[in-house]
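Asks: Give me a model of this one.
(one chain, ligands or ions: 1)
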Amino acid sequence: MNARAPDPALKLVLASGSPRRRELLAQLGIVPHAVRAPDIDETPAKAELPRDYVRRIARQKAEASVPADDELVLCADTTVAMGRRILGKPADRAEAEAFLRGLSGRRHRVITAIAARRGDEIRVRDVLTAVRMKQLTERELARYLDSDDWQGKAGGYAIQGPAGALIPWINGSYTGVIGLPLAETASLLQGMGYVIGETR
Ligand SMILES: Cc1cn([C@H]2C[C@H](O)[C@@H](COP(=O)(O)OP(=O)(O)OP(=O)(O)O)O2)c(=O)[nH]c1=O
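Replies: This is a model prediction of the structure:
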């Protein structure tokens with residue numbers, strides 16, 4: 001992919017309503033010029049594979065976010081995959097419990113796709129992390145469900161919260177599991193001409 005010339009005047013728009021993504025971006029020293037969360041239908045298509053699904057959703061978020069001439073848009077989507085199954089955000093406690101019982105004692109994948117848009121050009125990348133959850137006891141499961149920390153989290157858990165105690169092993173990108181893989185995001189933004197570290 002061709003790298004664009006660095007443009008220190010380019011402003012970053014974060015097209016995400018996730019406060020975690022904003023915090024992760026701050027780790028790169030980036031405070032978005034604006035935050036505009038697009039509203040799109042995140043229903044998986046029939047038989048859609050998890051990686052295809054997150055890439056499609058990240059692209060659709062970018063398509064729904066039209067940047068001004070001096071703006072670069074960044075969006076992302078995270079999903080948990082068990083084989084071919086896509087585990088999105090649980091609708092309620094019963095669904096979170098079903099997800100966690102399925103993840104308990106096994107390996108799954110967390111895939112985050114990031115998309116950047118400048119003008120009409122959209123670039124998408126995906127980052128895959130393998131995660132193992134320990135075999136949960138009934139007590140651990142009940143305590144975690146009681147914490148409500150599963151709400152709004154793909155797969156029904158968040159590694160950066162109390163569920164960190166339930167995850168003994170990952171292979172991949174920790175920041176990708178939380179929702180924004182920082183190394184890949186930095187390189188994507190720089191490739192689109194964004195200058196990290198510039199005060200705007
Ligand atoms: C597996 C896992 C997911 N998550 C979160 C990351 C994402 O915010 C969320 C998946 O939902 P997303 O649809 O990716 O993002 P979002 O709805 O929070 O924000 P937006 O669509 O506006 O960008 O799950 C964690 O925070 N920690 C984890 O360990």
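Asks: near the ligand, which residues of this protein?
Replies: Applying CB under 6 Å from any ligand atom, we find that the chain lies next to the ligand at 16-18, 20, 37, 76-78, 80, 89, 110, 153-155, 157-160, 177-179. Where you see a C-beta, it was placed from the backbone N, CA and C, and this is true even at glycine.
Asks: Inside strands: which ones of those residues?
Replies: Secondary structure assignment by DSSP state E places Ala76, Asp77, Thr78, Val80, Val110 of the residues of the chain next to the ligand in strands.
Asks: Contacts only, for Arg55.
Replies: For Arg55, the contacting residues are Ala113, Val124, Asp126, taking CB atoms under 8 Å, 6 or more residues apart in numbering as the criterion.
Asks: quick revisit: CSV for the ones in strands among the residues of the chain next to the ligand, including distance to Thr185?
Replies: CSV is the format used below for these (distance: CB to CB, whole Å):
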residue, distance to Thr185
Ala76, 8
Asp77, 13
Thr78, 13
Val80, 20
Val110, 15
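Asks: of those, closest to Ser104?
Replies: Proximity of these to Ser104, judged by CB to CB, is greatest for Val80, which lies at 13.1 Å.
Asks: My understanding was that that closest one contacts Arg107; is that so?
Replies: No: taking contact to mean CB atoms under 8 Å, the distance of 11.5 Å between Val80 and Arg107 leaves them out of contact.
Asks: Neighbour count for these two, which is higher?
Replies: For Val80 versus Arg107, the count of surrounding residues by other CB atoms under 10 Å is larger for Val80: 24 against 13.
Asks: For that one, which non-adjacent residue is spatially closest?
Replies: The spatially closest residue to Val80, leaving aside those adjacent along the chain, is Gly155, at 2.9 Å (CB to CB, 6 or more residues apart in numbering).
Asks: Let me know whether that neighbour touches Val110 as I believe.
Replies: Yes: shown here, Gly155 and Val110 form a contact pair, counting by CB under 8 Å, at 7.1 Å.
Asks: shared neighbours of those two, anything?
Replies: Counting by CB under 8 Å, 6+ apart, the contacts common to Gly155 and Val110 are Thr79, Val80.
Asks: Dig out what Val13 forms beta bridges with.
Replies: Val13 has the following beta-bridge partners by DSSP bridges: Ala34, Val73.
Asks: so what's it up against?
Replies: Remark: with contacts taken as CB under 8 Å, 6+ apart, Val13 is in contact with Pro32, His33, Ala34, Val35, Arg36, Ser65, Pro67, Glu71, Leu72, Val73, Leu74.
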